[in-house]
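> Fold the following for me, if possible:
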Amino acid sequence: MKSFDFVAIGDTTIDAFIRIKEASVNCDINRENCQICFGFANKIPYESVTIVPAVGNSANAAVAAARLGLKSAFVGNIGADQNGEDCISAFQANNVYTDFIKAHEDKKTNCHYVLWYEDERTILIKHEEFNYAMPDIGLPKWVYLSSLGENSLPFHFEIAAYIKNHPEINLAFQPGTFQMKFGLEKLAEIYKLTKVFICNIQEAQRILNTDVKIPLELMKMMRTKGPKIIVITDGPRGAYAYDEEFAWFMPPYPDPKPPFERTGAGDAFSSTFVAALAMNKSMEEALMMAPINSMSVVQKIGAQEGLLTLPEIEKYLQQAPEDYKPKKIN
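Purely as a prediction, here's the structure:
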């Protein structure tokens, strides 16, 4: 058994990026509820299709950690098909350990369709119902848990039991769609065992069932559910972190040019923050590293092409504006 720094648990998928030419976006006055619209019962031109294997919240995190020099592994499920083989090859090309990935003869590898219009995307998702099981992953420094399928609730109990039996493992939790649907009560043990919890403002409101929008108040509310460190992102406006003793606001790293495609920006931030802690970086250092990977990812297609190495992030830090630093907030 290898000794891992970072083991990511979640679903992986093939993403097909379909670049749309003719569409419109309709939003409310605050641009919080938007809809992308096409002509109904019509032929809609598209510009291109780009296939990206071995992606998904946790898969992106595993690749980000490996790119930063950590010993990284992925726990997940694929179908015994060509898409599954392509996912394995992509992980291995990124130095991610793949022996914890199970191929199922009677299942298809997940495939998502990304409708890419301007610099934003709408993702059509479908999770296969895999028979999830927790492998023996040894004693990694960090376990990173994110998006799993609708039938994965019992698997979360297995993960919680593994972490409880190995308290030296740090757990990071970035909830996906179905994990938010499960709710706080069903995943109470996961929240209690979590060292770092990361989501965006809208997700925090949904999980906590609140209309509160102030990030510091949301972080304090989430802290009562168990996580030791709370990070809440606010898209291109920056991010917030709270560890009960201190709270910080971290501005975004300046974009060198307008974002090209935003898929994976949140995953890049979350995984880089956790990977920095796995490198024994401080909270402030982790907060400074994370936005750089987000900035880089949105300049490329997909969630992984723009992920940086540690020397590349350090170079950006050396070139950062003077005001690019965490600011303590009350």
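
> Can you tell me what sits against the helix or strand of the chain with the lowest mean pLDDT?
In the chain, no helix or strand scores lower on mean pLDDT, DSSP states H and E than strand 120-124, which sits at a mean of 87. The contact list for strand 120-124 (Cβ atoms under 8 Å, 6 or more residues apart in numbering) reads 15, 17, 25, 36, 112-115, 261-263. (C-beta placed from N, C-alpha, C; glycine too.)

> Apply 6 Å and report the result again.
Judged by Cβ atoms under 6 Å, 6 or more residues apart in numbering, the contacts made with strand 120-124 from elsewhere in the structure are 36, 112-115, 262-263.

> just stretch 285-292 next, same as before
The contact list for stretch 285-292 (Cβ under 6 Å, 6+ apart) reads 241, 250, 252-253, 269, 272-273, 276-277, 313, 316, 326.

> Quick one: which of those residues is the most crowded by neighbours?
For these, the largest neighbour count, defined by other Cβ atoms under 10 Å, is 30 neighbours, found at residue 273.

> Leaving out the residues flanking it, which one is nearest to it?
The shortest distance from residue 273 to any non-neighbouring residue, by Cβ to Cβ, 6 or more residues apart in numbering, is to residue 290 (4.2 Å).

> Go through the host helix or strand of the one you found and flag the buried ones.
If you go by DSSP states H and E, residue 290 is part of helix 283-297. Taking 16 or more other Cβ atoms under 10 Å as the basis for neighbour counts, the residues of helix 283-297 that come out buried are 283-297.

> Need the CA coordinates for it. CSV is fine.
This file holds the C-alpha atoms of helix 283-297, laid out as CSV (Å, rounded to 0.1, in the frame of the first residue of the first chain):
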residue,chain,number,x,y,z
MET,A,283,-4.5,29.0,6.1
GLU,A,284,-3.3,32.4,4.6
GLU,A,285,-0.9,30.7,2.2
ALA,A,286,-3.6,28.2,1.1
LEU,A,287,-6.0,31.1,0.5
MET,A,288,-3.4,32.8,-1.7
MET,A,289,-2.6,29.7,-3.8
ALA,A,290,-6.2,28.6,-4.5
PRO,A,291,-7.5,31.6,-6.6
ILE,A,292,-4.4,31.3,-8.9
ASN,A,293,-5.5,27.9,-10.0
SER,A,294,-9.0,29.1,-10.5
MET,A,295,-7.8,32.0,-12.6
SER,A,296,-5.7,29.6,-14.8
VAL,A,297,-8.4,27.0,-15.2
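
> what about the helix or strand following it, distance to the chain center?
Toward the C-terminus, helix 283-297 is succeeded by helix 310-318 as the next helix or strand (DSSP H and E). Here the centre of helix 310-318 is set off from its chain's centre by 21 Å, with Cα atoms, centre = their mean, to the nearest Å.
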